[in-house]
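Trainee: 3D, please:
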Amino acid sequence: MKPLWRLNKYFLKYKGFLLLGIVFTVISNIFVIIPAQLVRLAIDYVVESLSIYRPLQLGGIGEIAQEIFLKFVFVFGILILVMALLRGFFLFLIRQTIIIMSRKIEFDMKNEIYAHYQNLPLSFYRKNSTGDLMARITEDVSRVRMYLGPAIMYGLNLLILFPLVISYMIMINPELTLYSLLPLPVLSISIYFVNNMINERSEKIQRSLSGLSTFVQEAFSGIRVLKAFVREKDSANDFAKASKDYKLKSIRLTRVNALFFPLIMALVGISTIITVYVGGLQVINGEIGYGVIAEFILYVNMLTWPVTSLGWITSIIQRAAASQTRINEFLDIKNDIVSSENLLRDIQGSIEVTDLSFIYPDSGIKALDHINFKISEGQTLGIIGTTGSGKSTVANLLMRMYDPTNGNIKIDGIPVQSYDISDLRRQIGYVPQDVFLFSDTIANNIAFGIDTPDEEIIFQAAKDADVYQNILDFPKGFDTMLGERGITLSGGQKQRVSIARAIAKAPKILILDDCLSAVDTKTENVILSALKKIMQDRTSIIISHRVSSAKLADQIIVLDDGKIVESGNHETLMAQKGVYAELYEKQTQASESIEN
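Mentor: Below you'll find the predicted structure:
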């Protein structure tokens with residue numbers, strides 16, 4: 001139960017619902033006990049009435065006596081019906097308090113976990129898979145809700161009903177109470193073991209279903225590759241195998257489920273037989289009336305579900321504790337990317353990087369090794385290097401997705417750690433290498449970073465990114481809905497929409513992280529020409545493995561294995577006949593051969 005203690009704050013928040021639920025449970029159980037007592041009184045009344053009915057019938061007043069007897073039986077029937085209706089009403093109120101409380105807590109938990117996810121650094125997402133993150137906010141929270149709702153509701157019912165019924169049964173007849181309740185502990189233990197088997201097999205089914213879903217998702221996502229390599233038949237055979245595994249596990253679960261109700265009915269039947277047998281002997285001996293047997297049979301049936309639910313509740317609590325442990329693991333992770341001063345100010349754009357080194361905490365890979373550079377306000381810096389040279393790491397550190405292992409980054413002469421993180425990132429336009437567009441309209445994707453979207457700003461950003469005409473060619477223009485991850489657009493169009501999104505927020509610093517890799521040379525030149533005008537008033541960093549993207553920069557640094565091997569502008573670097581010049585010549589010759 002220790003992992004579940006963290007939920008106590010929610011119980012305090014919704015204590016009104018919980019207290020009302022307890023009150024309604026007590027009242028509901030009172031209306032459960034009263035009908036059993038009425039049944040005993042009614043049966044005893046009928047038995048006694050029959051003993052005096054025959055003499056009265058012989059005396060000629062049998063019809064009058066019968067009418068009176070029937071009136072009393074009718075009254076008993078009406079009272080039992082009223083008690084049942086009242087009990088149903090209070091059961092409704094119990095669900096309206098405790099189950100609604102569980103749904104409200106579920107809502108709060110999901111929001112808390114999601115907000116915590118949003119606050120965690122980028123390193124957290126490198127360590128954990130998306131599927132695991134989703135499982136904890138959906139499946140694990142749902143299991144915890146089962147503890148907060150049904151488990152608490154039935155647990156309260158057991159804690160309240162059991163003492164009430166047992167104490168009343170003992171008051172009536174202790175010996176009959178002992179015999180009638182003998183099978184119930186066996187029932188509870190049996191249900192516990194059956195429930196564990198059900199949960200174990202349910203877990204296996206869940207894992208099998210998850211694997212099946214992943215297989216189907218990958219098959220549909222990679223349908224072009226499947227068709228291109230003519231592997232449809234193999235894919236269908238693999239799916240059939242995975243589906244068969246799911247079927248076999250489901251059948252095994254069904255077989256265990258089939259034990260559940262027969263087991264309950266068998267043990268309840270045994271309890272009823274014992275009650276009738278022992279009670280019958282006591283009736284013969286004149287110790288109790290007939291009505292007591294009927295009353296005890298009703299009590300045994302009343303206790304059957306609470307006792308049965310004991311094993312079920314225990315199982316739910318175990319699963320909830322395991323799920324809450326998984327949730328707590330993530331909630332206990334602290335964000336080490338915090339602002340030292342929460343400084344809020346409009347940045348001008350000068351950047352100074354001194355002795356900067358960085359080692360990725362999850363992999364231990366050294367991405368940057370003592371690099372230094374300085375950019376004045378409004379200047380453009382080009383960062384050139386091969387794959388794995390550390391180019392994108394520079395962008396991540398500038399936006400404080402990570403903190404450097406060593407060295408300093410200053411913006412406008414102020415350490416980047418002093419700035420309020422959200423305010424800093426709001427003033428930086430970033431175009432990632434791996435373009436991500438949301439399943440929304442093109443207009444909303446471009447306006448993603450704008451607090452108050454404006455049509456004119458969206459259109460101008462699209463024009464500057466050379467994607468305006470492409471968008472207008474779609475039947476719905478800027479209102480075109482994009483598929484998952486922007487699948488509606490081509491690779492080049494996606495990158496240009498991503499550039500438009502960064503431009504639209506009018507950033508003071510613009511970072512282009514190898515964002516022109518999916519466009520041809522002609523389109524690249526058009527975009528760069530448009531960007532040149534935009535970059536005049538803001539500090540810009542062009543990260544690329546293509547020299548043509550960075551040749552317009554005021555200064556260029558060449559990275560190799562995390563170190564700066566060359567720096568200067570295009571002309572000076574070409575004159576050095578070093579790494580930059582070699583890359584330029586190779587890429588120029590490659591593009592010329594492609595054109596020819």
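
Trainee: give the burial count for Met134, as a bare number.
Mentor: Neighbour count for Met134, taken as other Cβ atoms under 10 Å: 11. (Glycine included, C-beta is placed from N, CA and C.)

Trainee: now do the contacts for it.
Mentor: If a contact means Cβ atoms under 8 Å, 6 or more residues apart in numbering, then Met134 has no contacts.

Trainee: can you tell me the SS state at it?
Mentor: When classified by DSSP: H, G, I helix; E, B strand; the rest coil, Met134 comes out as helix.

Trainee: what about the longest helix in this structure?
Mentor: helix 232-284 (DSSP state H).

Trainee: what is the mean pLDDT for that helix?
Mentor: Average pLDDT, helix 232-284: 83.

Trainee: quick check: next helix or strand after it?
Mentor: For helix 232-284, the following helix or strand on the C-terminal side (DSSP states H and E) is helix 290-331.

Trainee: name the residues that touch whichever helix or strand comes after that next one?
Mentor: Proceeding N to C from helix 290-331, the next assigned helix or strand is strand 351-359, under DSSP H and E. With Cβ under 8 Å, 6+ apart as the test, strand 351-359 has contacts from 365-375, 381, 390, 393-394, 397-398, 402, 404-411, 413, 509, 539.

Trainee: buried subset of the residues you listed as a PyMOL selection?
Mentor: Burial among these is assessed by 16 or more other Cβ atoms under 10 Å; the matching PyMOL selection reads:
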select buried, resi 367+368+369+371+373+375+381+390+393+394+397+398+402+404+405+407+409+410+411+509+539
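
Trainee: quick check, Asp369 in contact with Gly562.
Mentor: Yes. Counting by Cβ atoms under 8 Å, Asp369 touches Gly562, with 4.3 Å between them.

Trainee: and stretch 295-308, C-alpha only, in CSV?
Mentor: Extracted in CSV, the C-alpha atoms of stretch 295-308 (Å, rounded to 0.1, in the frame of the first residue of the first chain):
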residue,chain,number,x,y,z
GLU,A,295,-33.5,-14.8,7.2
PHE,A,296,-30.1,-16.6,7.5
ILE,A,297,-30.2,-17.8,3.9
LEU,A,298,-30.7,-14.1,2.8
TYR,A,299,-27.9,-13.0,5.0
VAL,A,300,-25.5,-15.6,3.5
ASN,A,301,-26.4,-14.4,0.0
MET,A,302,-25.9,-10.8,1.2
LEU,A,303,-22.4,-11.6,2.4
THR,A,304,-21.5,-13.7,-0.7
TRP,A,305,-20.6,-10.8,-3.0
PRO,A,306,-18.7,-8.8,-0.3
VAL,A,307,-16.6,-11.8,0.7
THR,A,308,-16.1,-12.7,-3.0
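
Trainee: now do stretch 35-49, average pLDDT.
Mentor: When pLDDT is averaged along stretch 35-49, the result is 78.

Trainee: same check, this time on stretch 453-466
Mentor: 85.

Trainee: mind listing what's buried along it?
Mentor: Ile457, Ile458, Phe459, Gln460, Ala461, Ala462, Asp464, Ala465, Asp466.

Trainee: filter those residues down to the ones in helices?
Mentor: Ile457, Ile458, Phe459, Gln460, Ala461, Ala462, Asp464.

Trainee: hmm, Gly568 and Lys551 touching each other?
Mentor: No. Under the criterion of Cβ under 8 Å, Lys551 makes no contact with Gly568, lying 11.9 Å away.

Trainee: between the two, which is the more surrounded one?
Mentor: A direct count of neighbours by other Cβ under 10 Å for Lys551 and Gly568 places Lys551 higher, at 19 against 16.

Trainee: and that one, what does it touch?
Mentor: Gly382, His570, Tyr584 are the contacts of Lys551 under Cβ under 8 Å, 6+ apart.

Trainee: let's see it at 7 Å
Mentor: By Cβ atoms under 7 Å, 6 or more residues apart in numbering, Lys551 lies in contact with His570.

Trainee: how about Ile442?
Mentor: Ile471, Phe478, Thr480, Leu482, Val497.
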